[in-house]
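> What shape does this take:
(2 chains)
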Amino acid sequence: MTSLPPQDPLIALWQTTPKPDTSHLLPQLQRLNRLHRRLNRAVLAIVCGIDILLIFEEATGRVPSHGILSLIWTLGLVIGLIFHRRARCNRSDALTLDTVSLLKSMIARAKSDLFVARCLYAGVPCGAVAGYIVMKLAGIGAPPLANGISPHLRTIQTGAGIAALIVMMAAGAILARSRRLQVRELSDKLRSIADDL
Amino acid sequence: MVELQEIVEVYAAMVRRIATVYERDADRVEDLTQDVWIAVWQALPLLKNQAALKGYIARITQNICVTHVRRALVGLAQPLSETIPDPSLPPDEAMAHAVRLNRLVEAVRGLPDNLKAVATLYLEEMPVKDIAIALGISEGNVSVRLHRAKAAIKRSVGGSS
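Numbers count the residues shown, from 1 in each chain, chains lettered A, B, ... in the order given. A predicted model of the protein is given here:
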């Protein structure tokens, strides 16, 4: 892989930068790869474990949802796996696309993420309030102290529900902030690179 | 992995040079170069034409660096070369060389994005045609931008000397 010295003095000067130390790079890449695979497996094991638990609870009749909960969870798992696979394929964009097309596809993806984030921080509380109102109006839902459930348990359930809502809204707000920044920066770069002279 | 090791040995300097143009913070330069090498590692089995390897790695690096979004925190300026003077040169000459190199790097960093992308690939000795393919713009466009970039770099390097 030897080549003739470059003609342009700027190129010649540019290429005299000292060689970086790469001794640590390969072990680090292998370590990152291993960690990434381990994390994926752990997440998959947790999600599958919850799915099995739900199926077991429903099969034994302890959760009276007639298989609906486990079906929804399994569907979510399948959709998540499909999205994960698609995201992995999308990562190869940097290898196959030119810079302008890559920027366009990244902006499109960031915009769809921004939409999801807005759904999380705005749609979740609206949906929760709307659901509560509809249930009250329609008279759906368990009556107070139904099935001998203690009021403490009800308070804990309500608290957990509200905490989950707050976490989802916070996650949505953080995601939206980072995606908004991403959309703005990538759009500026695209405008700068793709504009004809 | 042995093959990747050889490739890293040959092209590590190029990847780092391109990354340093887009990111001043040393830690983030490290992150960027890691991202590039992970992508190259994944891409190697797909590469049919080994002769095009340099252009391929340069394009991946360019793509990853251009699409990298700066975090809110802006790193402090750090010179590319952390410029250890070249030990093969006499001390005065080595220092002068390091100064010239730093000026060149700062000049490239100071270019607007559209000129920076073209200039970086040109300095890595990529032909105009390959630069056009890598960036997704016309060859004429590359030539015009290259001309402007060179003029700006020469002005900047000459002006500060």
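
> Tell me the spacing between the most centrally placed residue in chain A and A:Ile11.
Most central in chain A under Cα atoms, centre = their mean is A:Asp113, positioned 8.4 Å from the mean C-alpha point. Per Cβ to Cβ, to the nearest Å, A:Asp113 is found 40 Å from A:Ile11. Glycine gets a C-beta too; all of them are placed from N, C-alpha and C.

> If you count neighbours, what's buried in the lowest-mean-pLDDT helix or strand in chain A?
Least confident element among the helices and strands of chain A, by mean pLDDT, DSSP states H and E: helix A:93-96 (a mean of 73). Judged by neighbour count using 16 or more other Cβ atoms under 10 Å in any protein chain shown, the buried positions of helix A:93-96 are A:93-95.

> Is there any residue in the helix or strand harbouring B:Asp31 that contacts chain A?
Applying DSSP states H and E as the criterion places B:Asp31 in helix B:26-43. Yes. Applying Cβ under 8 Å from any Cβ of the partner chain, one finds helix B:26-43 touching chain A at B:33-34, B:37-39, B:41-43.

> for the helix or strand encompassing A:Val134, packing partners?
Per DSSP H and E: A:Val134 is located in helix A:124-138. Packed against helix A:124-138 by the contact rule (3 or more Cβ pairs under 8 Å, 6 or more residues apart in numbering or on different chains; DSSP states H and E) you find helix A:151-194.

> Mean confidence (pLDDT) on the helix it packs on, please.
The pLDDT scores in helix A:151-194 average 86.

> Off-centre distance for the helix holding A:Val134?
26 Å (Cα atoms, centre = their mean, to the nearest Å).

> quick one: A:Ala171 and A:Val124 touch, right?
No. Counting by Cβ atoms under 8 Å, A:Ala171 stays clear of A:Val124, with 9.7 Å between them.

> Who has more neighbours out of the two?
Shown here are A:Ala171 and A:Val124; by other Cβ atoms under 10 Å in any protein chain shown, A:Val124 has more neighbours (18 against 14).

> Would you confirm that that one contacts A:Ala170?
No. Using Cβ under 8 Å, A:Val124 makes no contact with A:Ala170, being 10.5 Å away.

> Could you give the number of residues near the closest residue to B:Val118 other than its chain neighbours?
Nearest-residue entry for B:Val118: B:Arg145, 4.4 Å, with adjacent residues in sequence omitted and distances by Cβ to Cβ, 6 or more residues apart in numbering or on different chains. Using other Cβ under 10 Å, B:Arg145 is surrounded by 24 other residues.

> ok, now which ones touch the residue lying closest to B:Pro112 once chain neighbours are set aside?
The shortest distance from B:Pro112 to any non-neighbouring residue, by Cβ to Cβ, 6+ apart, is to A:Ser192 (6.3 Å). Taking Cβ atoms under 8 Å, 6 or more residues apart in numbering or on different chains, we find A:Ser192 in contact with B:112-114.

> Tabulate those (JSON lines), appending pLDDT.
What follows is these, written out as JSON lines (pLDDT from 0 to 100):
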{"residue": "B:Pro112", "pLDDT": "88"}
{"residue": "B:Asp113", "pLDDT": "84"}
{"residue": "B:Asn114", "pLDDT": "85"}
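
> hmm, which of the residues you listed are the buried ones?
Buried, going by 16+ other Cβ under 10 Å: B:Asn114, out of the contacts of A:Ser192.

> who are the neighbours in contact with whichever residue of chain B sits closest to chain A?
The nearest approach of chain B to chain A comes at B:Gly136, 3.2 Å away (Cβ to the nearest Cβ). B:Gly136 makes contact with A:97-101, A:194 under the criterion Cβ under 8 Å, 6+ apart.
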